[in-house]
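1. Fold the following and give me the result.
(one chain, ligands or ions: 2)
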Amino acid sequence: MQEAGKAAQPASYGPGLHNVILTFYGRYRSRGDPFDRDQPEPMPNLYEIPEFLLIVAITYIATIAFYLVSSLLVLAFVKRFPERRIQKTRDGFKRAGKDIRQSLKGQTSTGLFFGAAMYIQWNGLGLFGTDDLTWWNAVPWFAGLMVFYDTWFYWQHRLMHTKWFFRFHQVHHRSVAVTVWSSESFHWLDDATTKVFYTLAAFLTPVPMAALIAFRIFDMSKSTLGHCGHEFTASFLTRLPLPFMCTTFHDRHHSHFRVNFAHTFTFWDRLCGTIETDYDQQVIDWEAQGKQQG
Ligand SMILES: [Zn+2]
Ligand SMILES: [Zn+2]
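-> Residues are numbered from 1 along each chain as shown. Ligands and ions are numbered 1, 2, ... in the order given. The predicted structure is shown next:
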């Protein structure tokens with residue numbers, strides 16, 4: 001007869017890497033002391049590995065669908081305004097096929113790391129759980145994600161421009177005159193080092209799942225607009241003293257390489273001296289051109 005308390009021990013786990021991983025995973029999920037042998041352990045659920053892969057696959061498919069649909073919509077719109085084209089003498093569309101193929105490959109990293117974030121939240125595996133989204137916490141969470149993601153993106157991007165990592169990042173810089181199709185065209189390692197932000201946010205903070213999804217939609221929309229090659233967003237919001245950026249900001253990063261690294265705000269570039277020196281004047285010029293064209 002087995003002693004009481006040992007009945008729940010996972011005698012059937014047996015050796016093998018697969019079972020070792022499941023054993024530790026089961027202990028972690030129990031949130032108990034992993035060295036307390038008397039604590040009952042939940043049985044590992046073999047269906048959870050396919051569940052993880054399913055979430056990764058859904059994330060990948062949703063990302064690609066968003067990329068294709070948002071790009072086609074933005075493209076149909078901007079084509080009606082050739083006077084708003086930022087780089088008037090270069091044709092980025094010659095690379096469209098290559099950019100789309102690279103996006104299909106590179107976005108596997110988004111599928112994996114954003115999918116991991118969804119899996120963590122779905123299963124309550126974050127260190128501090130997951131908050132419910134309320135009217136009171138929606139804005140602070142979204143603003144917090146904007147500030148922290150911008151900081152993460154700026155320094156990841158600076159790292160990608162060092163001699164050790166530029167060989168990965170240059171995949172994205174093959175588009176000098178950017179188009180909507182360049183927006184997700186990254187080497188998988190470049191994309192992974194950006195999108196791991198989402199996995200860490202889900203694991204280390206109680207960010208509500210809806211806030212994380214909303215922020216990811218904002219991130220993708222921002223990328224599509226930032227690579228559309230046409231200026232529509234230049235305004236007082238996108239120059240000093242306000243911190244936002246217009247489409248020209250990232251467009252000039254592609255044509256000038258060593259300036260304008262950030263994602264949402266201009267303050268890291270201003271602080272570190274990497275903003276293009278006449279950026280604010282460029283915004284003013286676009287505003288004046290917009291007023292002339294009515
Ligand atoms: Zn770059
Ligand atoms: Zn870019």
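
2. State the distance from Asp280 to Phe166.
-> 28 Å (Cβ to Cβ, to the nearest Å). To be clear about C-beta, it is placed using only N, CA and C from the backbone, and glycine gets the same treatment.

3. how long is stretch 70-87 end to end?
-> 21 Å (Cα to Cα, to the nearest Å).

4. What ranges in the stretch 151-294 of the chain fall below the confidence cut-off?
-> Per-residue confidence for the stretch 151-294 of the chain (pLDDT under 70) gives these ranges: 294.

5. now the helices: where do they sit in it?
-> In the stretch 151-294 of the chain, the segments counted as helices under DSSP state H, counting those that start in this stretch are 166-173, 188-204, 209-226, 247-256, 267-272, 279-292.

6. and those as a markdown table, adding distance to Tyr60?
-> Converted to a markdown table, those look like this (distance: least, Cβ to Cβ, whole Å):
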| stretch | distance to Tyr60 |
| --- | --- |
| helix 166-173 | 18 |
| helix 188-204 | 12 |
| helix 209-226 | 13 |
| helix 247-256 | 24 |
| helix 267-272 | 30 |
| helix 279-292 | 35 |
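
7. Model confidence at Glu51, what's the number?
-> If you check Glu51, the pLDDT there is 84.

8. Excluding residues flanking it in the chain, which one is nearest it?
-> In this structure, Glu51 finds its nearest non-sequential neighbour in Tyr119, 7.5 Å apart by Cβ to Cβ, 6 or more residues apart in numbering.

9. And Ala214, by the same measure?
-> Phe142 (6.6 Å).

10. What's the local residue count around that neighbour?
-> Other residues near Phe142 come to 17 when the count uses other Cβ atoms under 10 Å.

11. re the thing from before, what's the closest of the helices of the stretch 151-294 of the chain to Met160?
-> When the helices of the stretch 151-294 of the chain are compared by Cβ to Cβ, helix 166-173 sits nearest Met160, at 3.7 Å.

12. now that closest one, how far from the chain's geometric center?
-> With Cα atoms, centre = their mean, to the nearest Å as the basis, helix 166-173 stands 17 Å off its chain's centre.

13. Identify each buried residue in that helix, please.
-> Residues of helix 166-173 classed as buried: Phe168, His169, Val171, His172, His173 (neighbour count, 16 or more other Cβ atoms under 10 Å).

14. Near Leu73, how many residues? Count them for me, please.
-> So Leu73, with other Cβ under 10 Å, has 12 neighbours.

15. again but with Gly226, I slipped
-> 24.

16. residue contacts, the nearest residue to it once chain neighbours are set aside?
-> Spatial nearest neighbour of Gly226, chain neighbours left out: His250 (4.2 Å); criterion: Cβ to Cβ, 6+ apart. His250 sits next to Val178, Gly226, His227, Asn260 when contact means Cβ atoms under 8 Å, 6 or more residues apart in numbering.

17. wait, which of the helices of the stretch 151-294 of the chain is closest to Asp91?
-> That would be helix 247-256 among the helices of the stretch 151-294 of the chain, by Cβ to Cβ, at 13.4 Å.

18. buried sites along the closest one?
-> Thr247, Thr248, Phe249, His250, Asp251, Arg252, His253, His254.

19. Next: stretch 102-117.
-> Across stretch 102-117, burial judged by 16+ other Cβ under 10 Å covers 102-103, 106-117.

20. What of stretch 55-66?
-> Quick answer for stretch 55-66 (16+ other Cβ under 10 Å): Ile55, Val56, Thr59, Tyr60, Ala62, Thr63, Ile64, Phe66.

21. Could I get the pLDDT score of the third one?
-> Thr59 is assigned a predicted lDDT (pLDDT) of 94.

22. Isn't it up against Ser109?
-> No. Contact criterion Cβ atoms under 8 Å: Thr59 and Ser109 do not qualify, at 10.6 Å.

23. Overlap in contacts, these two.
-> By Cβ under 8 Å, 6+ apart, no residue touches both Thr59 and Ser109.

24. ok, back up a step: TSV for the buried residues of helix 166-173, including distance to Thr233?
-> Supplementary listing: those in TSV, determined by distance: Cβ to Cβ, whole Å:
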residue	distance to Thr233
Phe168	29
His169	25
Val171	26
His172	21
His173	22
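
25. Mark out where each domain of the chain begins and ends.
-> What automatic domain parsing lists as the domains of the chain is 1-45, 48-292.

26. Would you mind pulling the contact partners of stretch 116-124?
-> So stretch 116-124 is contacted by 29, 48, 51-52, 55-56, 59, 125-126, 130, 198-199, 201-203, 207, 209, 212 (Cβ under 8 Å, 6+ apart).
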